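Q: Generate a structure from the sequence data that follows.
(2 chains)
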Amino acid sequence: LAIIKCTFTFNLFYILFPQIIAFDELKTDYKNPIDQCNTLNPTIEKVKKIKRVKIAIKLVLPEYLIHFFFCVMFFCAAEWLTLCLNLPLLAYHVWRYMSRPVMSCPGLYDPTTIMNADILAFCQKEGWCKLAFYLLSFFYYLYGMIYVLVSS
Amino acid sequence: MSAPGFTNQNSYVSYGQNSTPNGGAAPPYQNGNHHVAPSPYSAPSSSAPPSQPYATLPSSASPPSNVHYNQQPFQQQHHPPYTTPGSYYGQQSYPTPPTQHSQQQQQQQPSLVPAPSGGPGPIYPIVSYPSTPGSSQYGTLSSSQSTSKHGVMPTQMGAPLHQYSPSWPASTTAVQPGYSVAPPSQLAPTVNGQGSTVHQHYDQSHRASLSYDSYGGVIHSSGGADRPPSGTPSTSVHSSPGHHQGNIIKILGYFLILSVFHSLSLPLSGGDTSSSTTGSASPVPNSYDSLEGGSYPDSMPPSNDMTNQAAPYGSYGYPSMQPDYPQGPASHTDSSPSRDPYGQSSYQQYSQVSCLRPWGGLSGVPELEVEALSPINLLLERSLLPPRPLEAPEPNLSPDLKKVNCSPQTFRCTLSSIPQNQALLNKARLPLGLLLHPFRDLQQLPVITSNTIVRCRSCRTYINPFVTFLDQRRWKCNLCYRVNDVPDEFMYNPVTRSYGEPHKRPEVQNATVEFIASSDYMLRPPQPAAYLFVLDVSHNAVESGYLKFFCESLMDNLDKLPGDTRTRVGFLTFDNTVHFYNLQEGLSQPQMLVVSDIDDIFIPSHDSLMVNLKESKELVKDLLTSLPGMFSQTKETHSALGPALQAAFKLMSPTGGRVTVFQTQLPTLGAGSLKSREDPNQRSSTKGVQHLAPATDFYKKLALDCSGQQIGVDLFLLSSQYADLASLACISKYSAGSIFYYPSFHYIHNPAQLEKFQKDLDRYLTRKIGFEAVMRIRCTKGLSIHTFHGNFFVRSTDLLSLANVNPDSAFAVQMSIDDSLADSSLACFQAALLYTSSKGKRRIRVHTLCLPVVNQLSDVYAGADVQAITCLLADMAIDRSITSSLTDARDALTNAVVDLASAYKSNVSNLQQSGLVFPAALCLFPIYILALLKQKALRTGTSTRLDERVFAMCEFKTQPLQQLMRMVHPDLYRLDNISDQGALHLNNTVIPQPHLLHLSAETLSRDGAFLMDCGNTFYLWIGKCCHDLFIRDVLGCPNYASIPTNMVSETVTVYKIHNKKKLYSTFFQYLVEDQSESASSYHEFLQHIQAMSK
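A: Residues are numbered from 1 along each chain as shown, chains lettered A, B, ... in the order given. This is a model prediction of the structure:
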């Protein structure tokens, strides 16, 4: 289980890094916010002829899902301490998603408001904080894994 | 907007003086008129034939290059007469010479006079009266209404009312006589309870034309007609019966007209000086078009004019004022004893530039700050209002910089002294931001054609008057401080035709310039102007009857639509299906194509739906004639707005352009259908208001798509029911469109709205338009843009994408200070608007504003612009009410006052005064904030329909400052005792300068008549005991009792009664200093602030 933990956290890194970079790009690189939000938000493309809904794999939602999956795993494994550490973040994710702007597709970021300095700064800060949290928990899980390996 | 003279203790004396004949601020105003004088004065008499205006019109248009130089001597000569009361009647002599001169000039350059194309068509016939002085101005202005409307406030040139005010008698007027009961909440003397209110709408965008109307209207009504029809004003002149009446009416007329006149003629710093004096002024609405057609293409002569124009700011306008300055505005300049020690020297030193703003030039002198800062205990001081509308505070700059600085009508900062760092800004508790009106109609605009547009190599700033030339070959950017080379071409000065004077180029002499851009500035070749009209033809729409009036209006204005020979138009109607019209040239009549698959909309024919207006004009006219009849029998009640918009998007995608949507009900079919969210029982709830945010993001996404394809969508909502404007507005908000809302529009039952609609539409169709626009705002290193307010899409931290740009919309920007500005003494802001004109030219309009940087909190307060602050706070409050809640937003506004009070008390005022102390510059802040809290957009407790609230919010975001301030805090004047005291004297006309009154029922009296100017509405309040003479002369009724209940329109009785009550309460809603059922009075508000700030 510990190994799984490790890999999962690693995945989260990979997801979160581009997100931070993306916001930084937005701030400095003058990238068009519509494009940027499209990469951050999952977009449902209606492919007309086939009439099938294709969900492009994008950044925000997978992160939330993986984290949620994690918490379920911890719950199953009765890792109460780890679960407690992760619950606040889970709650935050739920709250964040509930309070997202009105949108017809899943996603968090609204291209029309993202350029507001407050919101942009908040998103960036949020990214860094989460990155720090994932980093710390990664080492904690790593410690847990090694401890398990050594003791067994 | 510090009005030191008015506000501090010392000034009270002078305040009183104002009411004396030569007290007041008259001289400066007169000066304002001076500039206009040349052309107008030629009018021989007040009853000049209508043709006169036409004759003079060119003067304003023609750019005779030397005119202002010649005029300068005249002006100085003329000046003295103004200054003394005795000279009132001596004016006739002076105007003539300049007039003739300018006319000669015009004749010399007839080609420069563009035909008055564009908007003001209907206006000309109306111009009929003594206004001839102004009439040429009107001609100009009619097009450039926005200029004029802004002109008034900031310059405060003494326009007694701003220009539209004159229109009061014009249109739909509902009078309610003998209203017997004062509203219960009224604290003030009950006198007020009895009065009649004349209510009138007029189109905001048609001020100029209205002013004509009203003028005619005034006179007309004097003739006893109970309806002054705006259409027939010219005849109305003759209808005034009595000789005696004539006099009074004339005065009123003058008063009104001149106010218009004023707003035009204000010589602002760097602003639009009166057109007649400046060479390149282009009077017509679509001014750049005419410029293009006229003098500019060959760049030489125009550039001559341009450089010359620089002169008016400094040498021409201002000096003329000099003689007056000491004598004139007692209240402003002489009022404060504290100033005396310095007085004379500073006058001499600064009056060269400062004359128009009595204290402006003095701002460099410490005592100004003393005045602006003099603490005022608001609980003790009752009369804080200046006698004249406030003007923008003058930044504390050197005279050289000041005279080239951007006009406050275009570019205004909340703090005219920028704090050095964020800490200082935080300490001041004031928002830092810019209010911009970048595309407003300008009287004069230097247009520059040049192969290379000189810009900073690192930050891409356009060269501007505030750069420094290190030597002949190098200039230092004022935004990023990079040193750049001066290109060879720039060394040549086309104005003087000399080499080696880069600092004399027009770019460096004017803070507002326009460049003709090369192909480097194009992503694709300029597209033709394309207009698509999307019309609701469901049963509801037919019932409201708008279609007929729209078609008539468009038919009238078909030739005036901005554009060239490539202009394309298209029509699309929708109910539960979408109808396209094939107008291909060669068809005998328009073909209607119906698409009923609204789920998957497609375009039936690709090349024949948007057609060249010139080629298919007959077909278009056919269609417009038959359209109203085609759907008269429709029973279809559904509305498929979403699919129609999608179709419009597809139709317009290749070229971009403007989509005009007329909608009369909640969209119920297809994509973007909405449900009613308003609970009528919650309209007056004091708790938060729900549903201010859009219900769906369909319209937002579509708007973003449109914005990407350079399509701007303008929305006309003519709904009697809830139509969820909060959702619908998104389509315009993010595509840089405009929103018009006519609650309970009906062509019979609501003539006021109908008239407003027609006026709006006339202006809308003919106003200037820019396509494919982007606006970038650059600012000095260390400053950064925090948030934008307005209708646009933010593409980047400093770049706005504007699919369409129109002269009536304004923007606001919140700024933050990232790094300390200690290294520099000046902070500069540059707004560059790149757009494609309707003639297919790529142009860049550049405005640059320069402000001093200060490190003292007291300096920050001294330079605070209370009106700009109020507008910016309103924008912020509206954002807050949408993202958070209305209650939050209201609290935030109140807290802004509380914070300021405590910050000022603890940091600046060292007097241990008890009570609520504010710096004089900000003494109106609590009144304005209280007024904001009582606005439709932000009020609670008073019944407000959700759509009206949302519309008011949209207005806040997009209206320019002057307009907004008048909506928030209307100007109230007493009309029946207007005297010549302190009046302006122009030629043989007298323009009384009534004082602003406090917005309280206390100021109303039973025996008076009052005019309230709310920006887009005028109210005439007539007391029950108002003198019969006044009523007879002005309204044409023998006495109070006989004032008709409805002066303008033939409407059904039910409507009148209903409207009467509504009007009455509406009028009293504007008395913001009084208590109402749900909101506190000014005094209570102050006490609340005091309690909280302890």
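Q: Assign residue B:1030 to helix, strand or coil.
A: helix (DSSP: H, G, I helix; E, B strand; the rest coil).
Q: any idea how far it is from residue A:98?
A: Using C-beta to C-beta, to the nearest Å, residue B:1030 is found at 63 Å from residue A:98. (Glycine included, C-beta is placed from N, CA and C.)
Q: what about these two, which has more around it?
A: Between residue B:1030 and residue A:98, residue B:1030 has the larger neighbour count (other C-beta atoms under 10 Å in any protein chain shown), namely 21 against 7.
Q: Surely that one is in contact with residue B:976?
A: Yes - with contact defined as C-beta atoms under 8 Å, residue B:1030 counts as touching residue B:976 (4.6 Å).
Q: any weak-confidence spans in chain A?
A: Chain A contains residues with pLDDT under 70 at A:1-60, A:102-107, A:152.
Q: Quick one: the strands in it, in order.
A: A:44-47, A:52-55 (DSSP state E).
Q: just to revisit the earlier point, list the residues that contact both of residue B:1030 and residue B:976?
A: Common neighbours of residue B:1030 and residue B:976, using C-beta atoms under 8 Å, 6 or more residues apart in numbering or on different chains, are residue B:1009.
Q: ok, residue B:378 - contacts?
A: By C-beta under 8 Å, 6+ apart, the contact list for residue B:378 reads B:384, B:915, B:916, B:917, B:918, B:923, B:926, B:1086.
Q: Could you rerun that using 6 Å?
A: B:916, B:918, B:1086 (C-beta atoms under 6 Å, 6 or more residues apart in numbering or on different chains).
Q: Just send those back as CSV, with distance to residue B:1011 too.
A: Shown next, in CSV, are the contacts of residue B:378 (distance: C-beta to C-beta, whole Å):
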residue, distance to residue B:1011
B:916, 31
B:918, 29
B:1086, 27
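Q: among the residues you listed, who's most crowded?
A: Counting by other C-beta under 10 Å, top hit in the contacts of residue B:378: residue B:918 with 28 neighbours.
Q: On the three-state scheme, it is what?
A: Assignment for residue B:918 (three-state DSSP): strand.
Q: how far away is it from chain A?
A: Applying C-beta to the nearest C-beta, to the nearest Å, the value for residue B:918 to chain A is 28 Å.
Q: Please name the residues that touch that residue.
A: Contacts here follow C-beta under 6 Å, 6+ apart; on that basis residue B:918 touches B:376, B:378.
Q: rerun that using 8 Å as the cut-off
A: By C-beta under 8 Å, 6+ apart, the neighbours of residue B:918 are B:375, B:376, B:378, B:900, B:901, B:904, B:925, B:926.
Q: Where does the second one sit, in terms of helix or strand?
A: Read that as residue B:376. strand B:375-377 (DSSP states H and E).
Q: What strands flank that strand, and is each parallel or antiparallel?
A: Partners of strand B:375-377 in the sheet, by DSSP bridges, are strand B:917-919 (antiparallel).
Q: hmm, back to that, ChimeraX command for the buried members of the contacts of residue B:918?
A: Buried residues among the contacts of residue B:918 (16 or more other C-beta atoms under 10 Å in any protein chain shown), as a ChimeraX selection:
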select /B:375,376,378,900,901,904,925,926
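Q: Residue B:873 in helix, strand or coil?
A: Secondary structure of residue B:873, per three-state DSSP, is helix.
Q: Can you report how many residues lie near the closest residue to it other than its chain neighbours?
A: Nearest residue to residue B:873, sequence neighbours excluded (C-beta to C-beta, 6 or more residues apart in numbering or on different chains): residue B:896, at 5.7 Å. By other C-beta under 10 Å, the residues close to residue B:896 number 22.
Q: and what of residue B:765?
A: For residue B:765, using other C-beta under 10 Å, the count is 21.
Q: which secondary structure element contains it?
A: Here residue B:765 is assigned to helix B:751-766, by DSSP H and E.
Q: swap in residue B:829?
A: Counting by DSSP H and E, residue B:829 is part of strand B:826-837.
Q: same question, residue B:513
A: In this assignment (DSSP H and E), residue B:513 forms part of strand B:512-516.
Q: List the strands paired with that strand, with their directions.
A: Applying DSSP bridges, strand B:512-516 is found paired with strand B:447-449 (parallel), strand B:842-854 (antiparallel).
Q: Would you pull up the residue in the stretch 601-750 of chain B closest to chain A?
A: Chain A sits closest to residue B:697 of the stretch 601-750 of chain B, with a gap of 5.1 Å, by C-beta to the nearest C-beta.
Q: any idea how far that residue lies from residue B:730?
A: As for residue B:697, its distance to residue B:730 is 8 Å (criterion: C-beta to C-beta).
Q: that older thread, return the member of the strands paired with strand B:512-516 having the minimum mean pLDDT.
A: Here the strands paired with strand B:512-516 differ in mean pLDDT, and the lowest is strand B:447-449 at a mean of 89.
Q: What are the buried residues along stretch B:885-898?
A: Buried-residue list, stretch B:885-898, by 16+ other C-beta under 10 Å: B:885, B:886, B:889, B:890, B:892, B:893, B:894, B:896, B:897, B:898.
Q: Just name whatever secondary elements the lengthiest helix in chain A is in contact with.
A: In terms of residue count, the longest helix belonging to chain A (DSSP state H) is helix A:117-151. If contacts are counted by 3 or more C-beta pairs under 8 Å, 6 or more residues apart in numbering or on different chains; DSSP states H and E, helix A:117-151 sits against helix A:2-24, helix A:80-98, strand B:783-789.
Q: 6 Å instead, please
A: With contacts taken as 3 or more C-beta pairs under 6 Å, 6 or more residues apart in numbering or on different chains; DSSP states H and E, helix A:117-151 sits against helix A:2-24.
Q: which one of residue B:697 and residue B:730 has more residues nearby?
A: residue B:730 (26 against 20).
Q: Tell me who's in contact with that one.
A: B:694, B:699, B:700, B:703.
Q: let's see 8 Å
A: Contacts of residue B:730 were listed using C-beta under 8 Å, 6+ apart, and they are B:694, B:697, B:699, B:700, B:703.
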